[in-house]
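Participant: Here's my sequence, what's the structure:
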Amino acid sequence: MKKNEVVEEPLVEEVTIDTFLDAIKESQEYNDNIKTHLPQYTSFKPLSHILVRIYRRLPIITKGGMIIDTPTFSDWAKVMKQAGSGQDYAVNEAPTSFKFTKEAVIVSLPIQQYGGSSELKVGQKICIQQLQTEARKTQEGVIYYNYQGSFVHPSSNKVIVPDDPTDADYGYALIPINFVEGIIE
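Facilitator: Sure, this is the predicted structure:
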């Protein structure tokens, strides 16, 4: 390596079968416990949006043992950076670790009821629009990932949305009623 040469680290870390199986287990545990919330989330009353917690996508395992984990468009985020002029521009695309599906569970309903939304109930499983992911690159080169409508309760004192499914504040979003595509029974 030459003096002052910058070496970029790869965007995707190497995955072994053990780390992949651990990730599947974490996602399955998260999905199994998706209706378990910290009290501050169940007591939170949004004014006009629905507070949901989004399920994680699990890979498909065929009868032959083949594992298929096809990423969706929302698994990739355009990494945005702000130019000196204040304009945002995309530097590249990077994979995120959110892996959300279109399924969610309602955690809290808004104080203001929407027309026709009386069918929605806390704890109900719904189908929502696929949420977009985004990334921001700071001047220091640190990349922060986020997703559309992401929500972390203010009492958690977290500034960054957690991307670890074992974190109790993971997977929440405040979405408008028009993001709900239907009720899953």
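
Participant: Quick check: buried residues in the longest helix along the chain?
Facilitator: In the chain, with assignment by DSSP state H, the single longest helix is helix 17-32. Neighbour counts over helix 17-32 (16 or more other C-beta atoms under 10 Å) mark Ala23, Ile24, Ser27, Tyr30, Asn31 as buried. Using the backbone N, CA and C atoms, a C-beta is placed for each residue, glycine as well.

Participant: Contacts made by the very next helix or strand once past it with the rest, please.
Facilitator: For helix 17-32, the following helix or strand on the C-terminal side (DSSP states H and E) is helix 39-42. When contacts are defined by C-beta atoms under 8 Å, 6 or more residues apart in numbering, helix 39-42 is touched by residues Leu51, Arg53, Val107, Ser108, Val122, His153, Ser155, Ser156, Tyr172.

Participant: Go through those and say which is closest to Glu93.
Facilitator: Tyr172 (24.7 Å; C-beta to C-beta).

Participant: related to what we said a few turns ago, ok, of the contacts of helix 39-42, which come out buried?
Facilitator: Leu51, Arg53, Val107, Ser108, His153, Tyr172.

Participant: So the last one versus Phe20, what's the distance?
Facilitator: Remark: distance between Tyr172 and Phe20 (C-beta to C-beta, to the nearest Å) = 26 Å.

Participant: cool, Asp69 as well?
Facilitator: From Asp69 to Phe20 the distance is 8 Å (C-beta to C-beta).

Participant: do the same with Leu109
Facilitator: 37 Å.

Participant: before we move on, what about Gln130?
Facilitator: 23 Å.

Participant: just Val107 next, same as before
Facilitator: In terms of C-beta to C-beta, Val107 sits 29 Å off from Phe20.

Participant: pLDDT (mean, whole number) over the helix or strand containing Tyr55?
Facilitator: Per DSSP H and E, Tyr55 falls inside strand 50-56. In this model, strand 50-56 carries a mean pLDDT of 95.

Participant: Quick one: work out the angle between it and helix 17-32.
Facilitator: 150 degrees (axes from the mean of the first three to the mean of the last three C-alpha atoms, to 10 degrees).

Participant: strands paired with strand 50-56, and their directions?
Facilitator: Paired neighbours of strand 50-56 in the sheet (DSSP bridges): strand 100-108 (antiparallel), strand 172-175 (antiparallel).

Participant: Show residues contacting stretch 52-67.
Facilitator: 20, 24, 27-28, 30-31, 34-35, 37, 41, 68-69, 72, 98-101, 103-107, 126, 128, 131, 165, 171-175.

Participant: how far away is the residue nearest to Val107 when sequence neighbours are not counted from Lys45?
Facilitator: Excluding the flanking residues, the one nearest Val107 by C-beta to C-beta, 6 or more residues apart in numbering is Leu51, at 4.4 Å. With distances taken as C-beta to C-beta, Leu51 is found 9 Å from Lys45.
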